[in-house]
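Engineer: Give me a model of this one.
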Amino acid sequence: MNTFWRRVALLGVGALLCGCAQMSYLAQAVHGQSALLSAARPIDDWLADPHTDLRLKNKLAITQTIRAFAVHELSLPDNPSYTTYAALRRPFVLWNVVATPALSLKPKQWCFPVAGCVSYRGYYEQGQAQAEALAMGAQGYDVQVAGVPAYSTLGWFKDPVISTFIDYPETELARLIFHELAHQVAYAPGDSAFNEAFATAVEQAGLQRWLELHGDAKMRQSYAIHIERKRDFLALLMQCRQALEITYAKAAPDAEKLQRKAEIFEALQQEYLTLKQSWGGYSGYDRWFAEPLSNAHLAALATYHDLVPGFQALLQQDRRFDRFYAHVKVLASLDRQERRRRLLAFAGA
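Structural biologist: So this is what the prediction gives:
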């Protein structure tokens, strides 16, 4: 998940250095984070409360088992994160706006004093996110508004378990908590590809170990099917992304490129229907394909996946999570190009 709010404690300082529009945006971020923390109550209190729904109690108890597993088996941070629960009256904790030029897959960067630059803007109110998307669309950008169920503050605050993801299946709960706690281990400022790929590698390795120790045959089979479908889905998107990159790099008129772009996205829709049929009609990705697709939908694809093989190879080499984390922290201290070079070398080896 994203770490835009990793510097939310500094946003007040940044706001003093910004214009009015920027101050308004940063103010909603500070207010949203504060409201989230205020809504959170210790999970022990929820479990002890006789009025707490039994299903919610069971889910909360599972998160505590997952958190303990993360600390003792994956060497992830043992701090107050995920020891509280916040019940929100909305489907997502926030909404991210991603914008790309019409003929590019490189997302627009939003920069803030102190907090740095990120490739999205997050809003705690969906209406504000949609208004930002409309404004960016009016400027000619491809835009996506994506709901976010969880995010990491990198240990700056007590990240709570939230109602936005508490009903996930057990494997998805574990995956999400492992991923977000991994962001607290190592962080390279301004390098989302490094940060997200590292957390993704930890979640995958952690979940494999979780299934070995806590999963039954049905759970393992279900997860194996889920992973196979996800790989098919990502392969389809990568194929589309590569076709778009080739199109945008050509020396051709913009009108011709835009026409080819439309054809590529139309082909993507048709190929998804074929893929869905091979899955026996599984509709888990229908919502993603239900909205008009654009460059913005593919902008973050490489961020989460390109460097994962390098981290996986490094973990296999180091064998122990604590050694792996120490190695990753060294990589995080290097410049961006050197980090990427070493990770690609690990993957190649």
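Engineer: Is it correct that residue 90 is in contact with residue 164?
Structural biologist: Yes: Residue 90 lies in contact with residue 164 (C-beta atoms under 8 Å); the separation is 7.5 Å. Where you see a C-beta, it was placed from the backbone N, CA and C, and this is true even at glycine.
Engineer: any idea of the mean pLDDT in the longest helix along the chain?
Structural biologist: Under DSSP state H, the helix in the chain containing the largest number of residues is helix 217-249. Per-residue pLDDT over helix 217-249 has a mean of 93.
Engineer: Only the buried residues of the following helix or strand past that helix, if you could.
Structural biologist: The helix or strand immediately downstream of helix 217-249 is helix 254-278, counting by DSSP states H and E. Neighbour-count burial for helix 254-278, counted by 16 or more other C-beta atoms under 10 Å, picks out 257, 260-261, 264-265, 268, 272, 275-276.
Engineer: before we move on, what about stretch 36-46?
Structural biologist: For stretch 36-46, by 16+ other C-beta under 10 Å, it's 36, 39-40, 43, 46.
Engineer: tell me how far stretch 148-165 is from the chain's mean position?
Structural biologist: How far stretch 148-165 lies from its chain's middle: 12 Å, per C-alpha atoms, centre = their mean, to the nearest Å.
Engineer: Alpha carbons of it, as CSV, please.
Structural biologist: Provided in CSV are the C-alpha atoms of stretch 148-165 (Å, rounded to 0.1, in the frame of the first residue of the first chain):
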residue,chain,number,x,y,z
VAL,A,148,-7.0,2.8,-0.5
PRO,A,149,-7.9,0.4,2.3
ALA,A,150,-4.7,1.0,4.4
TYR,A,151,-1.4,2.9,4.4
SER,A,152,1.8,3.1,6.5
THR,A,153,3.1,6.1,8.5
LEU,A,154,6.5,4.3,8.8
GLY,A,155,6.1,4.0,12.6
TRP,A,156,5.5,7.7,13.1
PHE,A,157,2.1,6.9,14.5
LYS,A,158,0.2,3.8,15.7
ASP,A,159,-1.2,2.5,12.5
PRO,A,160,-4.6,1.0,13.3
VAL,A,161,-6.4,-2.0,12.0
ILE,A,162,-9.3,-0.4,10.0
SER,A,163,-12.8,-1.4,9.1
THR,A,164,-11.8,-0.9,5.5
PHE,A,165,-9.9,-4.2,5.4
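Engineer: among the buried residues of stretch 36-46, which are in helices?
Structural biologist: 36, 39, 43, 46.
Engineer: Pipe the buried residues of helix 254-278 into TSV and attach distance to residue 206 per row.
Structural biologist: Shown next, in TSV, are the buried residues of helix 254-278 (distance: C-beta to C-beta, whole Å):
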residue	distance to residue 206
257	42
260	41
261	38
264	36
265	35
268	32
272	30
275	28
276	29
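Engineer: low-confidence ranges in the protein?
Structural biologist: Counting by pLDDT under 70, the ranges of the chain that qualify are 1-21, 112-117, 302-303, 349.
Engineer: Could you pull up the residues touching residue 347?
Structural biologist: 307, 309-310, 312-313 (C-beta atoms under 8 Å, 6 or more residues apart in numbering).
Engineer: Now restrict those to buried residues only.
Structural biologist: Buried among the contacts of residue 347 (16+ other C-beta under 10 Å): 307, 309-310, 312-313.
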